[in-house]
Every structure is written in structure tokens, then in C-alpha cells.
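*Asks:* With the sequence up front, the predicted model follows.
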Amino acid sequence: MDTDSREPRYRQIARYFEQQIVSGQLLPGSALPTERELSVRLGINRSTVTAAYSDLRASGFVQSTQGSGTRVSETLWGDTPKRGLNWHSYVSGGSFVPTLAIVRRVREIAAAPDTVVFSRGELSADLLPSDQLSALLRELTLSMPLDYANPKGEAETREVISAHLKEQYRVNAAPDEILLTSGAQQALHLVTHCLLNPGDAVGLEGPSYAYSRSLFVSAGLRLFQMPMDEHGLIPEEVVQLYNKHKIRMIFVNPTYQNPTGTTLSLSRRRRLLELCEERRIPIVEDDPYSLLALEGAAPPPLSLKALSSGGGHVLYMGTLSKMAAPGFRAGWIVAPSGVASRLAEAKQEMDYGYSTILQEVTKLYLTSGVWQGHLADLRQALTRRRNRMLTALQEHLGNRAEWLVPQGGYYLWCKLNRKIPDGELVREMEAHRVAVMPGSVYGAEGSSLRLSYAREPENRIEEGIRRLAAVLRRL
């Protein structure tokens, strides 16, 4: 304690724990000292500690439960952000972004030598079309001007993507309804910051990849969970959320969902569209994996965008990052022309439009026929890796967990049979040199793990599951 400071003592205590949480020294779920214990250790009145903990609770940093004490918050579902809050105030003010410390720690573990990485949602080096792209680049001629790009994307590129969407996804999108983005992350950023206001309530699948994105919190949005089962989102729950919280938009990843790998059934897709159309709730559909059906699996249902009548209330996001390479950064939003133009204005302020050179590469990749051959090879490789992971899980984890069998995409969702605090899980992962992403990162309740079978070579998958089993035995 700084006894000479003009800052009240309770604020010094609260600020200390805020810094510990934001820096990752205290992870979600970690216990704080009891009020009595801390007052004795600091030699101060217990009411001062009580005031500090009350301040931390009001800011959303901690939660207190009778009989369990005070712990670092594990979730912000439904919490109301501070008025006018943005990302800069989170950094400068140290406000809590849920699970950020966990994500950072897992990434550090994944970067360590000899770690088996199941935490990253990207392809391993041997699955990237490096040779094919190198050959295409030797044929590249720059027909587009090299000045700042059209903020929506050059007309020729949008025409190519329009044809690609119609042929592969049965999505009818005029070039004027397409906005090129630097992957799905930028698309989400544009939607949350341009079409919504601080304090707006939005629905996310629970669990959801989008929950881990700090951009939702930086936009000041209130996040509400839309429950799921093995068949995906339960449409009727959207009505309950709308009636209770007046949600203004929902965000869904209905095909080979990240993180659970589930696929929303055709009947539920139709029902979801019906309910949202009746209540005029816009849907943001993220569709990066639907061409990655594994061998032997039935093709997934058409996208919500393709199924919707007119499609005007579905904003559709896609990317080449999951089928080609993360560094491609080729993404797009399909939206009514006026909405696409509004988002393009904001994008121009951010980066003056998508790189014209990358647009040329995107055009060449989609029109050369190379991508179809690569996609077929990729589906075969992902099928083998998924099967290797399933076999290893059965052999080494047994009854310690249960899991869903994915029919496409990158991810396998694993539910543990007992709760394990994230801090302990991360510590043992580091010791055993294996990296997985805890389910709490995606807003899941209980103990669960997202395992990616796309990142590691096939011959490393069993070793990684063996290490994960050792982690769970220790815990």
C-alpha cells in the first residue's frame, strides 16, 4: 500500500487485482484471498477490502459466490458494458476482456519447441497449396491499376466471386452486393462497429467462436447465448431472447461450426429463417467451412443465405483462408447494396480497400481450376487426420471425456467428465508440451476442449492425444 498516495486504499487494492487479471497473472476462475485474510495481510480495516472487491465486481472483473469466495470472472454473457466503451479504453484502462489471458498463454505454449498444437484453427504447412500458388504467381500479370483500390473491391474481382458463390454455394449475389474484406475478422469488425450501437443486445451460438473476439466487447455490445445441441442452434431459443432482451442481430456459423463442429439441420435452418423474418432480426452468417465436407459425409444443407427468400435480411460472410491459406486474407461480405456501400465507406477509412495485387491473385486462383484439385486433396487429408484423432481419443482418453464426431471442417469438440480450472489445465499443457483451446474461450460452461486436427501432420496426432491424456490424468 502506498500510504502517501492520494488514491484511496480500496482503489489501490482494486487496481492491483485489475492489473494482475489483465496481465494474465490471475486467470479466469482463479481465487482471490478472502476479505478477512487480505485485511490481516495488509493490516487494514476489512471494510476497505470489501469496498475494493465491490468495485471489482461492479467492473465485471470478479464474481463472488456464497461458500466459494471471490474469483476472477469466467464469462461475460449478458453483461452490460460501460457506456461509450471501446477497445482503446480497454487497453488504457485495463478493463477485463474475457479469456484474453488464456488465449495468450495457450498461444505461447503452442509456439514452444516440440509442442503438439491442437489449438490453432489453421492448416499445417504440408496442406497449403504453396507449389500451386507459386506456379500461378509466375503467370500473374497486373491488369488492375496499382493505386488505392475501389473500397468494395475491383469490379472484375467481385464478378469472379459472384460466379464462385453461385456455382459452389448456390448463393445469388450481384457484384454490387459484394464487399471484399481482409478475412472474416475484418468483416465482423465492420458489421459490429457500423451496423450496431453500444448497448445493443446480440445473440451468439453458445459456445461460439465469435465470443472469443474482443471486437464485440469493444463495440459495447451485450452478448446473449443461443443454446445449441448436437444438431446445432435451437431456433425457438432465439424467440425467447428476442422477447426478453430485444436482440437486434444474431451471429451464426451453421455449417461445421467453430468450435463444436456441429451442423445446423435443414429443418432448423428453415425454422430459424422463418422466426427471424417474422421479427425482422438480421442474421450474420459466417460460412468458411461448408466446402470442407469429409469423405463419406453427406453434403451439408444449403446456407441460410441460399435458403432465404430474397436473402435481404441475411448478411453472408465467406473466405478463402480455410480452404487455401490463412495468409491469403481473401474474404467477403454479401449484403444488400446499400449496406455493402455503408460498410465499404468504413473500410475505406480503415485501409483504403483490399490490396489490388491480392485481388489479382484471388481472381487467378478461382478461375484457374487449381483450387478444385487442392480442395479434393484437402478433404482427403482432413478425413485421415480426423479418423486418426478419433482412434487416439478412444484409446487414450476412454471414459474421461465424450466427443462429437465432426462431418467436416477442422474441429472436434470434447467434453470432459469433470471440471478442471483453466489455470491448472494451462499449467499442465505447458509441462506436457501439448496445446488445446479450453471451451471457456468460446463461452462454454463446464469443462470442454476444442481440438483442431488440421494444424498438425498426421503422424503427430496420436502423440498429441497421448500427451493430452497425461494432462488429464494429472488433473
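*Replies:* Happy to help now that I have it. None of these values were measured; they are calculated from a predicted model.

*Asks:* CA atoms only for stretch 250-257 - export them in CSV, please.
*Replies:* Extracted as CSV, the C-alpha positions of stretch 250-257 are listed here (Å, rounded to 0.1, in the frame of the first residue of the first chain):
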residue,chain,number,x,y,z
ILE,A,250,-27.7,-12.8,-34.4
PHE,A,251,-24.4,-14.2,-35.4
VAL,A,252,-24.3,-17.9,-36.6
ASN,A,253,-21.8,-20.3,-38.1
PRO,A,254,-24.2,-23.0,-39.0
THR,A,255,-22.0,-25.4,-41.0
TYR,A,256,-19.2,-27.3,-39.3
GLN,A,257,-19.4,-24.8,-36.5
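
*Asks:* Could you give the average pLDDT over that stretch?
*Replies:* Stretch 250-257 shows a mean pLDDT of 95.

*Asks:* again with stretch 8-23
*Replies:* The predicted model assigns stretch 8-23 a mean pLDDT of 86.

*Asks:* And the contacts of that stretch?
*Replies:* Identification of contacts with stretch 8-23 by CB atoms under 8 Å, 6 or more residues apart in numbering yields 1-2, 5, 7, 26, 32, 38, 42, 44, 48-49, 51-53, 55-56, 59, 61-62, 72, 94-97, 100-101. The C-beta positions use only the backbone N, C-alpha and C, and glycine is treated the same way.

*Asks:* for stretch 326-334, same thing?
*Replies:* By CB under 8 Å, 6+ apart, stretch 326-334 touches 122-123, 153, 161, 165, 171, 173, 177-184, 186-187, 190-191, 305, 311, 315-321, 324, 340, 343, 354, 358, 361-362.

*Asks:* how about 7 Å then?
*Replies:* Applying CB atoms under 7 Å, 6 or more residues apart in numbering, the set of residues contacting stretch 326-334 from outside is 122, 161, 171, 173, 177-184, 186-187, 305, 315-321, 340, 343, 358, 362.

*Asks:* helix or strand right after the strand or helix carrying residue 190?
*Replies:* Element membership for residue 190 (DSSP states H and E) is helix 183-194. Using DSSP H and E, the helix or strand that follows helix 183-194 in sequence is strand 201-206.

*Asks:* quick one: that next one to helix 183-194, angle?
*Replies:* Between the axes of strand 201-206 and helix 183-194, defined by axes from the mean of the first three to the mean of the last three CA atoms, to 10 degrees, the angle is 150 degrees.

*Asks:* Only C-alpha atoms, please: export strand 201-206 in CSV.
*Replies:* Below are the C-alpha coordinates for strand 201-206, written out as CSV (Å, rounded to 0.1, in the frame of the first residue of the first chain):
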residue,chain,number,x,y,z
ALA,A,201,-28.1,-6.9,-27.5
VAL,A,202,-26.9,-9.6,-29.9
GLY,A,203,-27.3,-13.4,-30.0
LEU,A,204,-24.4,-15.7,-30.4
GLU,A,205,-24.4,-19.5,-30.5
GLY,A,206,-23.3,-21.0,-27.2
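
*Asks:* if we can go back for a sec, give me the subset of the contacts of stretch 326-334 lying in helices.
*Replies:* Among these, the members falling in helices (DSSP state H) are 161, 183, 184, 186, 187, 305, 340, 343, 358, 362.

*Asks:* quick one, phi psi at the closest residue in space to residue 406 that isn't next to it in sequence?
*Replies:* Spatial nearest neighbour of residue 406, excluding adjacent residues (CB to CB, 6 or more residues apart in numbering): residue 261 at 3.5 Å. The phi/psi pair for residue 261 (degrees, to the nearest 10) reads phi 80, psi 0.

*Asks:* rewinding a little: buried only: go through the contacts of stretch 326-334 for me.
*Replies:* In terms of neighbour count (16 or more other CB atoms under 10 Å), the buried residues within the contacts of stretch 326-334 are 122, 161, 171, 173, 177-184, 186-187, 305, 315-321, 340, 343, 358, 362.

*Asks:* need the contact list for residue 419.
*Replies:* Contact partners of residue 419, counting by CB under 7 Å, 6+ apart, are 446, 447.

*Asks:* try it again with 6 Å
*Replies:* Contacts here follow CB atoms under 6 Å, 6 or more residues apart in numbering; on that basis residue 419 touches residue 447.

*Asks:* Contact partners for residue 464?
*Replies:* Counted by CB under 6 Å, 6+ apart, residue 464 has contacts 116, 118, 434.

*Asks:* Neighbour-wise, give me the winner out of the residues you listed.
*Replies:* In terms of neighbour count, residue 118 stands highest of these at 29 neighbours, by other CB atoms under 10 Å.

*Asks:* Which residue, neighbours along the chain excluded, lies closest to residue 182?
*Replies:* residue 329 (4.7 Å).

*Asks:* Look up how far residue 472 lies from that neighbour.
*Replies:* Plainly put, residue 329 is 36 Å away from residue 472 if you go by CB to CB, to the nearest Å.

*Asks:* quick one on the thing from earlier: between the ones in helices among the contacts of stretch 326-334, which is closest to residue 446?
*Replies:* For those, the closest approach to residue 446 (CB to CB) belongs to residue 184, at 27.3 Å.

*Asks:* correct me, but that closest one touches residue 320?
*Replies:* No - using CB atoms under 6 Å, residue 184 makes no contact with residue 320, being 10.5 Å away.

*Asks:* Give me the phi and psi angles of residue 216.
*Replies:* Taking degrees, to the nearest 10 as the convention, residue 216 sits at phi -70, psi -40.

*Asks:* For it, which residues are in contact?
*Replies:* Applying CB under 6 Å, 6+ apart to residue 216 gives the contacts 192, 223.

*Asks:* Give me the below-cutoff pLDDT ranges for this protein.
*Replies:* Applying pLDDT under 70 to the chain picks out residues 23-24, 75-100, 144-146, 212-213, 311.

*Asks:* Longest helix in it, please.
*Replies:* Across the chain, the helix with the greatest residue count (assigned by DSSP H) is helix 370-396.

*Asks:* What residues of the helix or strand following it count as buried?
*Replies:* As assigned by DSSP H and E, the chain's next helix or strand after helix 370-396 is strand 401-403. Neighbour counts over strand 401-403 (16+ other CB under 10 Å) mark 401, 403 as buried.
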